[in-house]
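*Asks:* fold the following and give me the result.
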Amino acid sequence: MPETEKWLSDYGDSHKEIRFAPLYWSAVPMLVVGVVALLWSLPVPAEFSRISPLLNWATTFLMAAVVYYFIISLPLAIGMLPFVLGVATLALMLERSGYPARWLAIGLIVIGIAGLFAGQHANGGARAVLRDIQLMMIAPVWLLSNLYRRLGIPY
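*Replies:* This is a model prediction of the structure:
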């Protein structure tokens, strides 16, 4: 079994008994958007601004995630680009909304973690939620791999 498939299979095995699945799976992107928006709101070195006004901790984090996606699977990485661009767009919209972006981001993170906890309560509660937070950028890839599998798209 290829390493990517083994890794995705292991992730899937730990998510077979999700309670309140719609709540759980909506909490994952909410957490991702919240973390990226929080990173977007952090101050950056002046060198970042000289390179690009959009270069900040959030875009650096997203670029690293995309590089990792390309390392594990080219088809999955290409499929994840709309998600990553969407997350970056939402974070930028939060930043430019005129509301306190940092507090909106923290609110999304708290709601996302609550959704994760509701879904993972039966699978180990807080430990499972901490693992999900560690793997928050993997969950969207795992969901995409399931869609690819159903559509017969190799990855």
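*Asks:* going forward, measure contacts between C-alpha atoms and count neighbours the same way
*Replies:* Fine.
*Asks:* identify the residues contacting stretch 47-65?
*Replies:* 36-40, 42, 44, 84, 88, 137 (Cα atoms under 8 Å, 6 or more residues apart in numbering).
*Asks:* ok, stretch 95-107 next?
*Replies:* The contact list for stretch 95-107 (Cα under 8 Å, 6+ apart) reads 33-35, 37-38, 40-41, 94.
*Asks:* compare these and tell me which is most surrounded.
*Replies:* Among those, A37 has the most neighbours (other Cα atoms under 10 Å), with 31 neighbours.
*Asks:* wait, what's in contact with it?
*Replies:* 58, 90-92, 94-95, 101-102, 105.
*Asks:* are any of those buried, and if so which?
*Replies:* Among the contacts of A37, those scoring as buried are 58, 90-92, 94-95, 101-102, 105 (criterion: 16 or more other Cα atoms under 10 Å).
*Asks:* which SSE is the residue lying farthest from the centre of the chain in?
*Replies:* The outermost residue of the chain relative to its centre, with distances by Cα atoms, centre = their mean, is R50 at 27.6 Å. Per DSSP states H and E, R50 falls inside helix 46-51.
*Asks:* most residues in a single helix of the protein, which one?
*Replies:* Counting residues, the longest helix found in the chain (DSSP state H) is helix 74-96.
*Asks:* buried ones in that one?
*Replies:* Across helix 74-96, burial judged by 16+ other Cα under 10 Å covers 75-77, 79-80, 84, 87-88, 90-92, 94-95.
*Asks:* and it, average pLDDT?
*Replies:* Helix 74-96 shows a mean pLDDT of 94.
*Asks:* next one: it to chain centre, how far?
*Replies:* 9 Å (Cα atoms, centre = their mean, to the nearest Å).
*Asks:* what does stretch 108-125 give?
*Replies:* From the chain centre to the centre of stretch 108-125 is a distance of 15 Å (Cα atoms, centre = their mean).
*Asks:* so where's the protein uncertain?
*Replies:* 1-3, 7, 10-18, 121-125, 128, 132, 134 (pLDDT under 70).
*Asks:* one more time with 80
*Replies:* For the chain, the stretches flagged by pLDDT under 80 are 1-25, 119-137.
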